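Colleague: attaching a predicted model along with its sequence, questions to come.
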Amino acid sequence: MDYSTILYDLEDSVLLITLNRPEILNAFNRDMMAEMIDALDSADADDNVRAIIVTGAGRGFCAGADLSAGSNTFNAEARDDREDGLHRDGGGRVTLRIFECKKPIIAAINGAAAGLGFSYATFCDMRFMDRTAKLVTSFGPRGLIAEHGTSWMLPRIVGPANALDMYWSSRRIDGEEAFRMGYANRLCESGTCCSEAQQFLRDI
């Protein structure tokens, strides 16, 4: 598959998947869903891939769902790109595929991770986060449940009270606070989370 929304780079047995829509902070669309699933399928099938890093191009990790379709963003009946049998939550398909991946996955959170982008990072095995990066759950202000499986996963990482704080307030949480609550495994200086994750994986 030729990728248009992600980059797939393998070096020294570490695969770097870069969400690559930097002009809109790597917002998720159905092309990215299909490409992420294909990339993880390819990585699982390739013995040369020993571990995976997911990061974002430019100044963001992933700003969440691409809402450029306006009120029809989540209306399957109004979208000609919604194929029969594929009406299931696309973001949830990706988080489940991350969860089922056979290779270790680290999220290198280099910038804003909001909504679905936050969910992507939450389902990775570890999170290396730049000190200046920000997390926003985004669900509460939109009247949504904590979707894509994050209501199950997040309390297992940060505990129920911290998870409720993140969901109910939907406030911005920087790298230092994310590290203190146990969400981020490594707190990195700005611009270094990806290189630190690469070195960590090479070491192991």
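Modeller: That came in fine, so what should we check first?
Colleague: name the helices or strands packed onto the helix or strand that Met166 is a member of?
Modeller: Per DSSP states H and E, Met166 falls inside helix 160-169. If contacts are counted by 3 or more Cβ pairs under 8 Å, 6 or more residues apart in numbering; DSSP states H and E, helix 160-169 sits against helix 150-158. Every residue, glycine included, has its C-beta placed from N, CA and C.
Colleague: may I see the buried residues of the helix it packs on?
Modeller: Thr150, Met153, Leu154, Pro155, Ile157, Val158 (16 or more other Cβ atoms under 10 Å).
Colleague: tell me which of those residues has the lowest pLDDT.
Modeller: When those are compared by pLDDT, Thr150 scores lowest at 91.
Colleague: the spatially most central residue of the chain - nearest residue in space that isn't next to it in sequence?
Modeller: Compute the mean C-alpha point of the chain, and by Cα atoms, centre = their mean the closest residue is Tyr120, 2.5 Å away. Computed as Cβ to Cβ, 6 or more residues apart in numbering, the closest residue to Tyr120 that is not its neighbour in sequence is Cys62, at 5.9 Å.
Colleague: burial measure for that neighbour, as a count.
Modeller: 28 (other Cβ atoms under 10 Å).
Colleague: likewise for the one 4 residues further on?
Modeller: Other residues near Asp66 come to 19 when the count uses other Cβ under 10 Å.
Colleague: can you pull the contacts of it?
Modeller: Residues in contact with Asp66 (Cβ atoms under 8 Å, 6 or more residues apart in numbering) are Arg21, Ile24, Ala27, Phe28, Asn29, Thr73.
Colleague: list phi and psi for it.
Modeller: Main-chain torsions, Asp66, degrees, to the nearest 10: phi -70, psi 110.
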